[in-house]
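Asker: okay, here's the prediction I keep looking at, along with the sequence it came from:
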2 protein chains.
Amino acid sequence: MEAVFKALADKSRRRLLDVLFGKNGRTLNELCGYLSMSRQAVTKHLLLLERANLITVVWSGREKLHYLNPVPIHQIYDRWISKYDRHRIEALGELKNNLEAKRKPKGARTGGAV
Amino acid sequence: MEAVFKALADKSRRRLLDVLFGKNGRTLNELCGYLSMSRQAVTKHLLLLERANLITVVWSGREKLHYLNPVPIHQIYDRWISKYDRHRIEALGELKNNLEAKRKPKGARTGGAV
DNA sequence: TTGACATGCAACCATACGGTTGCCTATTAT
DNA sequence: ATAATAGGCAACCGTATGGTTGCATGTCAA
């Protein structure tokens, strides 16, 4: 998971995924067309994505074809994001309630959250 | 979105969110108990989370209370992750099909991965 | 009032990261 | 056979990042 989060943290890498999302199985050179940086830089990004298992590479002669693997992205959602989703409405209510509680002057400590 | 992705990229920050998820409205000192690093380091992480709008801060006297805001996380899913989810099964099929296709063409120069 | 407590501010440091350049290798087309 | 094409490897560089320490400030309790 760590690698996936890290991989997704960069705009260029998300771009690459989006490009592959549009049309899978692209070559390195093809992908370079979508980012204004050197081929080497793109290679590095792709390597990171590969290590995070977000893309799979298949060699075809001298060409390196890149395929998107959406599974890790799904896992990120499944094992981390989804719980926040479920919690969402509830949490906002909490904040408001606690803000209300704060208005009561000194007396007991104002700390008590939830 | 950029700030949110960046914020989520760090393990310590995800930890902080998880801790707040467990019990909302914690103080800085309280949160420090969950990460083995200096208070200042934690402050920096919290600042980043705050700037990404992932937490909201409420002062109560000399204490700074931190509240989780799950909305940006939900947006990340909604505007980015969800599309990969929908695409998921389909994309895997593509990879396999393309791999099959590669076995045929002229020189039969195979890539060979997976 | 005074001290302890909760936090902020700023300087500093090592390392990770995104990017570049130069050169080398392997495949393919002519 | 040769040249063009697709890509890899490695060194280098500036800046961002995660972390530290020292000191300052505001609030609460005795």
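Answerer: Great, that's in hand.
Asker: show me where chain A has its strands.
Answerer: All strands of chain A, identified by DSSP state E, fall at A:26-27, A:55-60, A:63-68.
Asker: other SSEs contacting the second one?
Answerer: Read that as strand A:55-60. helix A:11-22, helix A:39-51, strand A:63-68, helix B:82-103 (3 or more Cβ pairs under 8 Å, 6 or more residues apart in numbering or on different chains; DSSP states H and E). In this view, the C-beta of every residue, glycine as well, is placed from N, C-alpha and C.
Asker: how about it, does it reach DNA strand D?
Answerer: No - applying Cβ under 7 Å from any atom of the strand, one finds strand A:55-60 separated from DNA strand D by no less than 7.6 Å.
Asker: that strand pairs with which strands, parallel or anti?
Answerer: According to DSSP bridges, strand A:55-60 has the following sheet partners: strand A:63-68 (antiparallel).
Asker: may I see the buried residues of the partner strand?
Answerer: A:64-68 (16 or more other Cβ atoms under 10 Å in any protein chain shown).
Asker: who's in contact with A:Lys11?
Answerer: B:Glu2 (Cβ atoms under 8 Å, 6 or more residues apart in numbering or on different chains).
Asker: again, only using 10 Å
Answerer: Shown in contact with A:Lys11 (Cβ atoms under 10 Å, 6 or more residues apart in numbering or on different chains): A:35, B:1-2, B:5-6.
Asker: related to what we said a few turns ago, reformat the strands of chain A as a markdown table; add mean pLDDT.
Answerer: Formatted as a markdown table, the strands of chain A follow (pLDDT from 0 to 100):
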| stretch | mean pLDDT |
| --- | --- |
| strand A:26-27 | 98 |
| strand A:55-60 | 97 |
| strand A:63-68 | 98 |
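Asker: tabulate these (CSV), appending distance to B:Asp18.
Answerer: What follows is the strands of chain A, written out as CSV (distance: least, Cβ to Cβ, whole Å):
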stretch, distance to B:Asp18
strand A:26-27, 36
strand A:55-60, 28
strand A:63-68, 29
